[in-house]
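K.L.:
Got a predicted model here, sequence first, then my questions.
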Amino acid sequence: MTRRDRHTVEVRREEILTAMTELLDRVGLAAVRVSDVAAALGVSPSLVFYHFGTKDALVADAFAHAVNRDLQRLDVASAQGADPMDRLRRVLRLYGPTGHATGWRLWIDAWALAQREPVIRRVLRHMNQRWCVVLREVVEDGVDDGSFTCPDPAASVARVSALLDGLSVATLVYRSVTRSQLRQWVAGAVAAELGLAAGSLM
């Protein structure tokens, strides 16, 4: 295969992954079909199978693609903050179904699949670990410069992450918590963890 051919293959794979990611955001992991991806791109399903072999391989690669997209957004949000408080607001705003993130139904689908799909489980674990690392770095920087008071940043981050995950499920699946309540409760919990005044993150 020539360099040009390899480039063409890489471009086509990227196009397929992008289309698949958009479909996953809309219809979820369980309902998506290869024929839907092919139709979105105006190609035959056989071309999709040529590049990925099986639907399972395509779903796994597209999910990893979606995770990498969100991790890039997370890194940008953290880097753009002017100080630890600004960075904290940006990172929290990005994570969870607060009106600024679009892929949470996809993550909930993935949690169910991860019980029996090792590839999905590994990607989810990587996503969670990266999120916790970024948030912990923000908290530690705030402790260092006196913005936050937090005796155990790792434990605080673990509690905040678990709270966000649980409230996100309650918001999107059970519909028992509104997005406004989610934002309010998370902001209150984070403020308490970091020794901030109530309402300072709203």
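P.N.:
Great, that's in hand. Residues are numbered from 1 along each chain as shown.
K.L.:
Just after the helix or strand hosting residue 133, pick out the following helix or strand.
P.N.:
Assessed by DSSP states H and E, residue 133 sits inside helix 118-144. Next helix or strand after helix 118-144 toward the C-terminus (DSSP H and E): helix 153-169.
K.L.:
After that next one, which helix or strand is next? Please name it.
P.N.:
Past helix 153-169, the next helix or strand by DSSP H and E is helix 179-193.
K.L.:
Any idea how far that following helix is from the middle of the chain?
P.N.:
The chain centroid and the centroid of helix 179-193 are separated by 19 Å under Cα atoms, centre = their mean, to the nearest Å.
K.L.:
Export only the CA atoms of it, formatted as CSV.
P.N.:
The C-alpha coordinates for helix 179-193 follow below in CSV (Å, rounded to 0.1, in the frame of the first residue of the first chain):
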residue,chain,number,x,y,z
ARG,A,179,-30.6,19.7,35.5
SER,A,180,-31.0,22.7,37.7
GLN,A,181,-31.0,20.5,40.8
LEU,A,182,-28.0,18.6,39.5
ARG,A,183,-26.0,21.8,39.1
GLN,A,184,-27.1,23.2,42.4
TRP,A,185,-26.3,20.0,44.4
VAL,A,186,-23.0,19.4,42.7
ALA,A,187,-21.9,23.0,43.3
GLY,A,188,-22.9,22.7,46.9
ALA,A,189,-21.1,19.4,47.4
VAL,A,190,-17.9,20.6,45.7
ALA,A,191,-17.9,23.9,47.7
ALA,A,192,-18.2,21.9,51.0
GLU,A,193,-15.4,19.6,49.9
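K.L.:
what's that helix in contact with?
P.N.:
88, 92, 96-99, 150, 156, 159-160, 163-164, 167-168, 170-171, 177, 196-202 (Cβ atoms under 8 Å, 6 or more residues apart in numbering). In short, each C-beta sits where N, CA and C put it, glycine included.
K.L.:
please redo it, this time with the cut-off set to 10 Å
P.N.:
The contact list for helix 179-193 (Cβ atoms under 10 Å, 6 or more residues apart in numbering) reads 88-89, 92-93, 95-99, 135, 139, 148-150, 152-153, 155-157, 159-160, 163-164, 166-168, 170-172, 177-178, 196-202.
K.L.:
what do you get for stretch 110-125?
P.N.:
In contact with stretch 110-125 (Cβ under 10 Å, 6+ apart) are residues 24, 28-30, 56-57, 59-61, 63-68, 103, 107, 109, 127, 165, 169.
K.L.:
rewinding a little: buried stuff in the helix holding residue 133?
P.N.:
For helix 118-144, burial by neighbour count (16 or more other Cβ atoms under 10 Å) applies to 119-120, 123-124, 127, 130-131, 134-143.
K.L.:
what angle sits between it and helix 153-169?
P.N.:
Per axes from the mean of the first three to the mean of the last three Cα atoms, to 10 degrees, the angle that helix 118-144 makes with helix 153-169 is 130 degrees.
K.L.:
what's the angle between helix 118-144 and helix 179-193?
P.N.:
50 degrees.
K.L.:
one step back: give me the buried entries from the contacts of helix 179-193.
P.N.:
88-89, 92, 95-98, 135, 139, 148, 150, 153, 156-157, 160, 163-164, 167-168, 171-172, 177, 196, 201.
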